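>>> any chance you could fold what I've pasted below:
(one chain, ligands or ions: 1)
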Amino acid sequence: MVKVTGVMMEYYFVCKKKLWYFANQIQMENENENVLIGRMIDENSYIQEKRNILIDGTINIDFIKKYKQIHEVKKSKSIEEAAIWQVKYYLYYLKRLGIEEVTGIIDYPLLRKNLVVKLEENDEEKIEKIIRDIVEIVTNPSPPSVNRMKICKNCAYYELCFV
Ligand code: SF4
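Predicted structure coming up:
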């Protein structure tokens with residue numbers, strides 16, 4: 001059974017090919033400078049909080065603050081829609097576990113901004129459809145073909161896709 005993680009939900013919105021690579025254990029993230037910068041920001045922000053909370057072996061929440069406030073740390077707003085759906089998925093997942101009335105926050109420490117994320121009407125149906133799509137994509141024996149995008153030049157998989 002495919003465990004749909006928060007990163008997979010994020011990659012679904014960023015690039016379906018990236019989602020396939022990641023889910024099929026093709027990892028190039030360690031070598032990519034942008035990924036390293038993101039990890040540095042992540043590791044050096046909010047260090048007073050309890051970090052990286054793995055729930056149910058599936059979703060990994062950056063940190064939890066106060067009562068029922070979950071936080072996801074991002075370095076920029078360039079893929080904000082993906083980040084929003086990642087956090088909505090966490091809220092959905094927690095609700096399925098019986099944990100309701102949770103607030104989701106995306107933190108941008110470099111921009112000194114944050115964004116509150118909530119589950120809106122119809123979001124749960126949309127998430128369930130996305131989960132089905134993700135399972136279909138990642139269990140396919142080969143990656144989907146996609147067009148080159150603006151984000152490709154900063155992607156860890158660039159060489160694999162285009163060189
Ligand atoms: S280089 Fe572009 S097409 Fe290839 S995985 Fe990355 S974002 Fe997707």
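>>> how about the residues of this structure near the ligand?
Within the chain, the positions near the ligand by CB under 6 Å from any ligand atom are 15, 17-18, 146, 149, 151-152, 155, 157-158, 161. C-beta coordinates here come from the backbone N, C-alpha and C atoms, glycine included.
>>> can we see that at 5 Å?
Residues of the chain lying near the ligand by CB under 5 Å from any ligand atom: 15, 17-18, 146, 152, 155, 157-158, 161.
>>> now the buried members of these.
Neighbour counting with 16 or more other CB atoms under 10 Å marks 15, 17-18, 152, 155, 157, 161 as buried within the residues of the chain next to the ligand.
>>> so which of the residues of the chain next to the ligand is the closest to residue 54?
Nearest to residue 54 out of the residues of the chain next to the ligand is residue 18 (CB to CB; 22.0 Å).
>>> distance check, that closest one against residue 162.
Counting by CB to CB, to the nearest Å, the gap between residue 18 and residue 162 amounts to 13 Å.
>>> just residue 122 next, same as before
Per CB to CB, residue 122 is found 37 Å from residue 162.
>>> do the same with residue 115
32 Å.
>>> so which of the buried ones among the residues of the chain next to the ligand belong to helices?
Judged by DSSP state H, those include 17-18, 161 as members of helices.
>>> name the helix or strand of the chain that has the lowest mean pLDDT.
When each helix and strand of the chain is scored by mean pLDDT, DSSP states H and E, helix 33-44 comes last, with a mean of 66.
>>> what's around the residue nearest to residue 144 when sequence neighbours are not counted, how many residues?
Nearest non-adjacent residue to residue 144, counting by CB to CB, 6 or more residues apart in numbering: residue 16, 4.8 Å away. Residue 16 has 19 neighbours, counted by other CB atoms under 10 Å.
>>> perfect, I'm done here.
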